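**Student:** fold the stuff below for me.
(2 chains, ligands or ions: 1)
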Amino acid sequence: MRTALFLLLLLALAAVPGSLVPQRTSDPNGVTQYKVDHPTLYPILDKLQVFSTYSSVWFSAIYLLLFVSLIGCIIPRVKHHVDAMLAKPPKTPFRLSRMAGYREAEAPAGVTAAEAIEAARAQLKSARYRTVVFDDGRQTSVSAERGYLRETGNLVFHIALLGILVVVGIGGGFGWTAQRVVVTGQTFVNTSVNFDSFNPGRFVDSDNLPAYSVKVDDLKVTYDSANGDSRGQALDYDATVTATRKDGSSYRTHIKVNHPLRIDGTSVYLLGNGYAPVLTFRDANGKVIKSEATPFLPEDSNLTSQGVVKVASGLSEQLGIIGIFMPTAPTDTDAQNLSSYPGLNNPRVSLTVYAGDLGVDSGQPQSVYALDTKGLTQIAGPTAKTKGLNLGLGETVKLPNGLGSVTFSGVKRFASLDIHHDPTQGWVLVFAILVLAGLLTSLFVPRRRMWVKATTDASGAVRLEYAGLARGEDPRLDEAVASLVAAHQKRLALGGFKNGKA
Amino acid sequence: MTETLSSISEYAIFATMFLYVVAFVCFVLDLAQRSARATAPTAVRSAVERRAAAAASVSSAASPASPSSGAATATLAPPTAATGGGVPADGARTDGAPTTSRALKLAMTVTVVAWAIHLLADITRGIAAGRVPWANMWEFSLTGTLVIVGIFLLVNLRFDLRYVGTFVLGLVCVLLMWAQVFYYVPVAPLPPALQSYWLVIHILVAITGTAFFALGFALAVAHLLQAWRERRQELSLPPVLPFLKSLPGSVELENLTYRVNIIGFIFWTFTLIAGAIWAEKAWGRYWGWDTKEVWTFIIWVIYAGYIHARATRGWRGSRSAWLSIIGFAAVMFNFGVVNVFFHGLHSYSGLTN
Ligand code: HEM
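**Tutor:** Below is the predicted model of the structure:
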């Protein structure tokens, strides 16, 4: 017990640092920022694995030791408990008056000691005690015990904790998570090549994911439009999707926050969203060469968003564009490029245009959200002759150098979907419920012994003694003895014991 | 309508705070009177009381009903008198003085009245917001203190714990005033992440667990003081904190602490599980070591340690009481510091920073 206690307290302590510094798993950007802010401390903490506390060697060592000690504890206790359940309640103590809740009473006239004890036995039995009757000629008594469930509960509790650890350990290897950004109207097929990012567990067969598809038909976002403190706060995100299972059957449903889509053993969550402005490019002759919705990443709570558009072919030069999108742009055109409300009240884009070689043919992978301006010349923007291009919805402006024109022709939404598969989480839940059930039984089922003893005195009267013994925490033992006395006396008075015998 | 209701809520909470302060003062007066009584020459214990003391130490039962404390206020009369088999069990008191002073009666009455107004404040806030009133720090504080006082009153129906009233009301006054100054926010709609019935379950259970832990904390403090006094008494050192004489002995205080804390622990276990289920629905994973999750886990482990301590030789008594105190400190830290200053997914304080 001392080891278990020590390790438990150590575990609590060891969990603290991970809450004080950002963790790689949950907050990678925070870790990068920490490195910038604390250049001297960072390498030390990094060596100590504090940025991944919960998978660090020392944290793992503590909980593994704890569970080794737990196994070492459970095995002998299970054995001991099985023995106890097979054994009979022990012999009635000689002097009951020393025991808890001791009471005396007289049996009604005409009731023999044997009958009184038999009635008590029946009484205790109906209260789910295990009973055994002792008769040494002078005294008859019943010894009873109940509450084996208490220890059972305790063991179930500890074993279920072990179960959680094992299942979580295994689950990591078979689960996977993936992210995908989908503009409304688009479909994504659940195969690993289609994800923007994919983190498979060690044992995942990445080539054989369930190949269902999800089309995002619409994404409705409602904002609080009242002029209060909470103006602009999101009230609802609601993605209408058409899901097509791997067997080909298809149905329409909704994905919302707190309401993922469960399909073919995976769950699809709506964890982010934003705007995808549609920009239409025409060449000098007015021919449309590109018209596409591009997801712009939100930068503040009013969804001022930034994105990158690349026009790799069709114009006389390649274009790279960094755009700022504001769903509700300031009406004053000299104001900063900051949206004042997340809804589409006055959508505008502001574009900085570069021309030159995008480097897309070099074969190097490029992020769709970043523009490498090496090899490019700004042709419209703060450092160019032409100012940045500023467009309201439906407006068209000419591109510099007679390249053609760009039209802000529409705004769509995009949904950022997380797709998860964890085959073991159902088992974790089962064990968690067992933990709770075990805990409740072990803490609230009292383990107690009860005795009733009958002695016939010289005059033939039968004197009854009652007492109990708590085994572990048992605040109501005294009450229990009292109610046993009351019930037994009632039984004797009604002659119920005679029926009980039959 | 919303405006009216939320201003009713605000007025009601001011009335509540005022009355809680009054109740607190009465509880303090009661302790002072206990001190005065304890230092006055005490009557010789009656035979009944001595027998009762013996019975209680054997059974460690804590049914509060006793002929000598029969003057309990009507609303709080312990119902166990009948079922307790008529055994006077409150003899665990270390003296024979009656335990109900006028100040104590007044304190309890004021607390009950204040609690009713507090309930009104909470309900009107909920109706004004059109949802359960526990979706930001102000509302957690409002409902949390309501539940703490509610649990205190409820537990008093079974065990006479009025002697920790000073502490409970003191804590609640501080929490409410702190929340009023630093956490107050007007009614705002629920962000999508909180739009779930798990908000109702998870938070309510957490608040209830917290209330039991708060009571466990108060009892642990009382236990430590009592144990200190008893030790000094054994060593024949000059007596300290005479009001403690009218409280149960340190062993009974320890048992009460344990009983209250294990109930808190069960609620906390459920909080943890419900939180994990909700996290799976909302964030796509049931456990991610988010700061709030970490602290909920730490608290759970500390109290698991506390339960083990009670079964470990050498750790009963003061050491386990300290664990209970550390556990509650972690609960308060989790609420007051983690919610406000730590970044994580649980950023629902409703405060803008
Ligand atoms: C994984 C770490 C552990 C945790 C989280 C844990 C938690 C708990 C909890 C919450 C209880 C009280 C509930 C109940 O009685 O069922 C308990 C009781 C108990 N645990 Fe553990 N435990 C752990 C490891 C161990 C180990 C390693 C041992 C053996 C040395 C152990 C022995 C016991 C015993 C004997 C009790 C009963 C105490 C009593 O009756 O008061 N536990 N444990």
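**Student:** does A:Ser316 lie in a helix or a strand, and which?
**Tutor:** If you go by DSSP states H and E, A:Ser316 is not part of any helix or strand.
**Student:** burial measure for the closest residue to B:Ala15 other than its chain neighbours, as a count.
**Tutor:** With C-beta to C-beta, 6 or more residues apart in numbering or on different chains as the criterion, B:Ala15 has its nearest non-adjacent residue at 5.2 Å, and that residue is B:Ile117. No exception for glycine: its C-beta is placed from N, CA and C like everyone else's. Residues lying near B:Ile117 (other C-beta atoms under 10 Å in any protein chain shown) number 19.
**Student:** any idea which helix is longest in chain B?
**Tutor:** helix B:2-39 (DSSP state H).
**Student:** can you pull out the low-pLDDT segments for chain A?
**Tutor:** For chain A, the stretches flagged by pLDDT under 70 are A:333, A:361-365, A:496-502.
**Student:** so which bits of it are right by the ligand?
**Tutor:** Neighbours of the ligand within chain A, by C-beta under 6 Å from any ligand atom: A:1, A:4, A:8, A:66-67, A:69-70, A:73, A:154, A:157-158, A:161, A:438-439, A:442-443, A:472.
**Student:** helix, strand, or coil at A:Pro330?
**Tutor:** With DSSP: H, G, I helix; E, B strand; the rest coil as the basis, the three-state label of A:Pro330 is coil.
**Student:** spatially nearest residue to it (excluding sequence neighbours)?
**Tutor:** Per C-beta to C-beta, 6+ apart, closest to A:Pro330 is A:Ser340, 6.4 Å.
**Student:** ditto for B:Val132
**Tutor:** B:Val132 sits nearest to B:Val200 (C-beta to C-beta, 6+ apart), 5.3 Å away.
**Student:** count of residues packed around the one you found?
**Tutor:** Neighbour tally, B:Val200, other C-beta under 10 Å: 12.
**Student:** still on that earlier bit, how close does the residue nearest to A:Pro330 sit to the ligand?
**Tutor:** Distance, A:Ser340 to the ligand, using C-beta to the nearest ligand atom, to the nearest Å: 51 Å.
**Student:** what number of residues lie near that residue?
**Tutor:** A:Ser340 has 17 nearby residues by other C-beta under 10 Å.
**Student:** show the end-to-end separation of stretch A:349-369, please.
**Tutor:** Using C-alpha to C-alpha, to the nearest Å, the end-to-end distance of stretch A:349-369 comes to 16 Å.
**Student:** next, the buried residues of it.
**Tutor:** A:349-356, A:358 (16 or more other C-beta atoms under 10 Å in any protein chain shown).
**Student:** tell me which of those is nearest to A:Ser305?
**Tutor:** A:Val349 (9.5 Å; C-beta to C-beta).
**Student:** where do the helices sit along the stretch 151-300 of chain B?
**Tutor:** Remark: helices assigned in the stretch 151-300 of chain B by DSSP state H, counting those that start in this stretch are B:165-182, B:197-198, B:204-234, B:250-283, B:291-310.
**Student:** hmm, I was thinking of chain A
**Tutor:** A:2-14, A:17-20, A:28-37, A:41-47, A:57-86, A:113-126, A:148-174, A:425-444, A:477-494, A:496-501.
**Student:** tell me the most buried of the ones you listed?
**Tutor:** Mean neighbour count (mean count of other C-beta atoms under 10 Å in any protein chain shown) peaks for helix A:113-126 among the helices of chain A, with a mean of 21.
**Student:** quick one: contacts of that one?
**Tutor:** Outside helix A:113-126, the residues that touch it by C-beta atoms under 8 Å, 6 or more residues apart in numbering or on different chains are A:107, A:111, A:131, A:133, A:135, A:139-142, A:144, A:450, A:452-456, A:462, A:464, A:484, A:487-488, A:491-492, A:496-498, A:500-501.
**Student:** A:Leu96 against A:Lys453, yeah?
**Tutor:** Yes. Judged on C-beta atoms under 8 Å, A:Leu96 makes contact with A:Lys453 at a distance of 5.8 Å.
**Student:** overlap in contacts of these two?
**Tutor:** Residues touching both A:Leu96 and A:Lys453 (C-beta under 8 Å, 6+ apart) are A:465-466.
**Student:** can you give me the neighbour number for the closest residue to A:Leu358 other than its chain neighbours?
**Tutor:** Spatially, and ignoring its direct neighbours in sequence, A:Leu358 is nearest to A:Gln318 (4.6 Å; C-beta to C-beta, 6+ apart). By other C-beta under 10 Å, 20 other residues sit near A:Gln318.
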